[in-house]
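J.: Provided below are the primary sequence and the corresponding predicted coordinates.
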Amino acid sequence: TINTKNTTLVLTNWNSIHQLYYGKTLANPKDLQTVGGHKPEAYSVRGGWNHSGGLGVVHPDGNTSLDLKFQSSTVKTISKGVKHYTFELKDTHYPFRVKLHYRAFHDSDVIETWCDFINDDPKSAVKLDRFDSVAMGMQSPAKAYHLDHYVSNWGSEFQLQREPLGYGTKTIQNRAGVRG
């Protein structure tokens, strides 16, 4: 369970890391572990439940599958109100690992996340086809969430845009240097 002042992110280990909940602070997050239904993987891979997946690789033999299983987790206090959580996943067939990082800033309600991809075979290269920075599932009702972002059109670079998040996938893409 990762907490900030007003939010809770609950992850669980079901052979891989799954997101049970993200939302307002919960009084007892353990109650969520009995809730049925599909709970998304914290970081999906191509070929898994989410067939497009957030991570796509090509192994040296041309295989594009990943079967990541939970290996370990750590929690470190970085400073007052800042904790760093790390979850390590390892492929069952290839020498390939993923480390999921979450850094929670309690007082500012921010959870920073990133991934490390590790090829444990220095003699062969693994091609990364796709590596999304994050894919967080949001609980219903979707109308309770909004996305703040900035437009990149000339003259409106600092215009804050706020839009409701509905169901589905939201992609923000940088097309710097692309015409048309």
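T.: Nice, thanks for sending it over.

J.: what about the strands in the protein?
T.: 2-3, 7-13, 17-24, 55-58, 68-79, 82-91, 96-105, 110-119, 127-131, 146-150, 160-164 (DSSP state E).

J.: Ok, which of these comes nearest residue 41?
T.: strand 17-24 (5.7 Å; Cβ to Cβ). From N, CA and C alone the C-beta is placed, and that goes for glycine too.

J.: So which bits of the closest one are buried?
T.: Buried residues in strand 17-24, defined by neighbour count with 16 or more other Cβ atoms under 10 Å: 17, 18, 19, 20, 21, 22.

J.: Now mean pLDDT and distance to residue 42 too, for the strands of the chain, in TSV please.
T.: Below are these laid out as TSV (pLDDT from 0 to 100; distance: least, Cβ to Cβ, whole Å):
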stretch	mean pLDDT	distance to residue 42
strand 2-3	88	11
strand 7-13	85	6
strand 17-24	80	4
strand 55-58	88	11
strand 68-79	94	10
strand 82-91	95	7
strand 96-105	94	6
strand 110-119	91	9
strand 127-131	87	14
strand 146-150	79	20
strand 160-164	84	24
